Every structure is written in structure tokens, then in C-alpha cells.
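>>> what's the 3D shape of this:
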Amino acid sequence: MQERTGELKLKFFFILMLVILVGCNKEDDGVVIEIHKEQHINYLEDYGWSIDRFASETKYAAHTLQSFKSHVKDIKELGHVDLKPFLDKEVIETGYILQEKTMTYNQIVGYILESGNEIIGGYLVFNHEAKQADGTLNIDQSNMNPILHRKELGSDDPPSHSKTMRSG
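Predicted coordinates for the structure are as follows:
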């Protein structure tokens, strides 16, 4: 009888522990808090843009940018940022979806390039997102554009160099 009582206490203990562990692992799916670097916020605000949400971050280790020649070339030619002085350094490219929109583009992504905790430049990509009947997201994406002040954009949109990307 005493042995059975001990087994029941042990089972009860394991069930209690399981309930506690499951309760502790519960995530609050309703609240997402994003903290952006103040330096990034200020950089974009200096150009009249404001961050809606984080989009992406790519870290290029020192001496690895050479492996991304096409992207480095686009950043120089289309984004007007020369990364040549930083080829032997770590470079971080962070993208933010901006709050602002234009008549043609309902999503603008601002990219910030930094090395050694210093911003070395940035560029913009103008997108138009449209949800299709089948639920897929169709994104018409313009080429990279140099970072510019929002006032410089006026009512005109950047040049349209569309590529279609599908996302499900």
C-alpha cells in the first residue's frame, strides 16, 4: 500500500512539473516588440523616412564581399555607395520596411550599410505588393535606388525597373 502511495505521489509530481513547464513556455503571440538601432532611426529620419518594421539583416564577414560582386556592383552603380574601401572589413546590411508609400509603390524598403558601427551609406527599394486570388503575394520590385530625401521624391516615383517575385 505504501509503495502504491509513493508511485501516485511520483506520478502527481511529474504531472505537476509538466504543467509548470508547459505554462512557462507559453509565448505571447499577440505582442511583438521591435527595438531598432537609434543610429538607424536617426539616419532614415534625416532623409524624411520612418521605420515601420524590421525586414532583414545580412552580415558580410571581413574579406567576403568579393564573393558578392554583382550585389556590390549594384550597390555602387544603383545605390551610389562604394563598398571598395570596406572589402576587407565586416559590413552589415540592414533592411527596414518604411511607413511611407507612394502613389505607385505600397512598400518601400530602406537598407542601411554599416561597418565598424559606422553607417557608410544606404539605398532604397520600391515595391508594389498585391495579394493574388490564390493567396500568393505578388511583388513588383524596382531596382535599387540611391537613398534620397522623401521630399526629393515629390509626387514622382523612382524609375520603374520591375521584376516579379512570388512568395507563398
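>>> tell me where this protein has helices.
Using DSSP state H, the helices of the chain run over residues 2-24, 38-46, 69-77, 150-153.
>>> go through these and find the least confident stretch.
If you rank the helices of the chain by mean pLDDT, helix 2-24 sits at the bottom with a mean of 63.
>>> list the contacts of residue 101.
107, 108 (CB atoms under 8 Å, 6 or more residues apart in numbering). In this view, the C-beta of every residue, glycine as well, is placed from N, C-alpha and C.
>>> need the strands for this structure, in chain order.
Taking DSSP state E as the criterion, the chain carries its strands at 51-60, 91-98, 107-115, 118-131, 137-146, 163-167.
>>> now mean neighbour count, mean pLDDT and distance to residue 41 too, for those strands, in CSV please.
Listed next are those as CSV, based on neighbours: other CB atoms under 10 Å; pLDDT from 0 to 100; distance: least, CB to CB, whole Å:
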stretch, mean neighbour count, mean pLDDT, distance to residue 41
strand 51-60, 14, 95, 6
strand 91-98, 20, 96, 9
strand 107-115, 21, 95, 10
strand 118-131, 18, 90, 11
strand 137-146, 17, 80, 20
strand 163-167, 9, 37, 27
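>>> nearest to residue 81, of the ones you listed?
Proximity to residue 81 (CB to CB) singles out strand 118-131 among the strands of the chain, at 3.3 Å.
>>> just want the angle from that closest one to strand 107-115.
With axes from the mean of the first three to the mean of the last three CA atoms, to 10 degrees defining the directions, strand 118-131 sits at 160 degrees from strand 107-115.
>>> relative to residue 125, how far out is the residue nearest to the spatial centre of the chain?
Nearest to the mean C-alpha position of the chain, by CA atoms, centre = their mean, lies residue 55 at 1.6 Å. Distance of residue 55 to residue 125, given as CB to CB, to the nearest Å: 10 Å.
>>> could you do residue 42 as well?
For residue 42, the distance to residue 125 (CB to CB) stands at 21 Å.
>>> intersection of neighbour lists for residue 55 and residue 125?
Taking CB under 8 Å, 6+ apart as the criterion, residue 55 and residue 125 both touch residue 109.
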